[in-house]
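Trainee: Here is a sequence together with a model predicted from it:
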Amino acid sequence: MTTNLSVSTLFDLSGRRALVTGASGGLGLHAAEVLAREGASVALAARRTTEIRAAAADLVAEGYRACGVYLDVMKPETIPAAFDSVETELGGPVDLLVNNAGILYVERFSSQSVGEMQRVIDTNLKGAFLVSQEAARRMPSHRNSCIVNIASTAGLRAAGLMSSYGASKAGLIHLAQILAVELAAQGIRVNTICPGNFETDMHAAFAGRGIADGLLKRIPQRRFGVPRDLDGPLLLLASDAGRYMTGAVLTVDGGQCVSWM
């Protein structure tokens, strides 16, 4: 017998405990707000403690359950401590992780230093690896636990000036697929969202190099994405609506990756 559930029921995150990395602003903060408004208790994690605690306080003032925790993916010792804090603040282990922390470095391949390359890889790929590892050790296996990686279309197709960034995001996409295979037996789903060009501070630094008009011409919808364009994909992967999805890669780019322009 098939049970018909409403869309609102499918996306309901009541009783879930989420941790979002890189949540002090941009897409990370927006993701935390979306999850909270769908019923999840949310931990906003980042290096900038003043910003995340203020954002968490705003959510609490709106009637949601939230907290801010210090977590620097470049400092592995801060990761277990962050999860300990979340379990204390939210009353139990995280069962929904959003790996959003990341940095963008724009430079020609021939001009990049080893240090800059390593910083990008360590933040965007190694950081997500370590946070996912800690999460998987603690996530309950009796429920629909999941990890959602925020990668980029730069990890799917080549873009000039983005060798380190693109390589790190390609690695993140493939890492998610490997974890999807390894963690399925624990009841943990692992999926990836690949945003295209979105209106964020990170994007502004890239588009500000005088290439914004050229980028727009390559997007069939002729606009950059805005944070709410990720709400549907995020909720699909985070909720029971996507319970049979693992190892999936959702591209949210206005059609840029399928365009020949």
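Mentor: Alright, I've got the coordinates. Residues are numbered from 1 along each chain as shown.
Trainee: And the helices in the stretch 1-150 of the chain, which stretches?
Mentor: 7-10, 26-37, 49-61, 78-90, 114-121, 127-138 (DSSP state H, counting those that start in this stretch).
Trainee: Dump these to CSV, plus mean neighbour count and mean pLDDT.
Mentor: All C-beta atoms are positioned from the backbone trio N, CA, C, and that covers glycine. CSV is the format used below for these (neighbours: other CB atoms under 10 Å; pLDDT from 0 to 100):
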stretch, mean neighbour count, mean pLDDT
helix 7-10, 11, 70
helix 26-37, 24, 97
helix 49-61, 17, 97
helix 78-90, 17, 98
helix 114-121, 14, 95
helix 127-138, 20, 98
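Trainee: Serialize these to JSON lines and add fields for distance to residue 106.
Mentor: Shown next, in JSON lines, are these (distance: least, CB to CB, whole Å):
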{"stretch": "helix 7-10", "distance to residue 106": "39"}
{"stretch": "helix 26-37", "distance to residue 106": "16"}
{"stretch": "helix 49-61", "distance to residue 106": "24"}
{"stretch": "helix 78-90", "distance to residue 106": "27"}
{"stretch": "helix 114-121", "distance to residue 106": "10"}
{"stretch": "helix 127-138", "distance to residue 106": "19"}
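Trainee: List just the one of the ones you listed that sits closest to residue 218.
Mentor: Of all these, the one in closest proximity to residue 218, counting by CB to CB, is helix 26-37 (20.7 Å).
Trainee: what's the angle from the closest one to helix 49-61?
Mentor: Here helix 26-37 runs at an angle of 30 degrees relative to helix 49-61 (axes from the mean of the first three to the mean of the last three CA atoms, to 10 degrees).
Trainee: What lies in contact with helix 26-37?
Mentor: The contact list for helix 26-37 (CB atoms under 8 Å, 6 or more residues apart in numbering) reads 13, 16, 18, 20-23, 42, 44, 46, 55, 59, 64-66, 96, 98, 100-101, 150, 195, 198, 200-202, 227-228, 230-231, 234-235, 238.
Trainee: for stretch 179-188, same thing?
Mentor: 132, 136, 139-147, 189-191, 246-247.
Trainee: cool, and stretch 44-53?
Mentor: 19-25, 28-29, 32, 55-56, 66-72, 82, 86, 101.
Trainee: what's the span of it, first residue to last?
Mentor: End-to-end distance of stretch 44-53 (CA to CA, to the nearest Å): 8 Å.
Trainee: doesn't residue 189 fall inside a strand?
Mentor: Yes. The assignment for residue 189 (DSSP: H, G, I helix; E, B strand; the rest coil) places it in a strand.
Trainee: What's the per-residue pLDDT of it here?
Mentor: According to the prediction, residue 189 has pLDDT 97.
Trainee: what about it, distance to residue 126?
Mentor: Between residue 189 and residue 126 the distance is 22 Å, computed by CB to CB, to the nearest Å.
Trainee: of these two, who's got more company?
Mentor: Legend: neighbour count by other CB atoms under 10 Å for residue 189 and residue 126, higher for residue 189 (24 against 17).
Trainee: For residue 240, see how far away the more buried one is.
Mentor: For residue 189 relative to residue 240 (CB to CB), the value is 11 Å.
Trainee: okay, and the helix or strand of the protein with the least pLDDT?
Mentor: helix 201-207 (a mean of 63; mean pLDDT, DSSP states H and E).
Trainee: where does the stretch 101-250 of the chain have low pLDDT?
Mentor: Residue ranges of the stretch 101-250 of the chain with pLDDT under 70: 142-143, 202-213.
Trainee: I'd say residue 16 and residue 39 touch.
Mentor: Yes. Assessed by CB atoms under 8 Å, residue 16 is found in contact with residue 39 at 7.1 Å.
Trainee: Neighbour count: these two, which is higher?
Mentor: Counted by other CB under 10 Å, residue 16 and residue 39 do not tie: residue 16 has more neighbours, with 22 against 16.
Trainee: can you tell me which residues contact the closest residue to the more buried one other than its chain neighbours?
Mentor: Distances taken as CB to CB, 6 or more residues apart in numbering place residue 40 nearest to residue 16, at 4.3 Å, with adjacent residues excluded. By CB under 8 Å, 6+ apart, the contact list for residue 40 reads 13, 14, 16, 17, 18, 96, 238.
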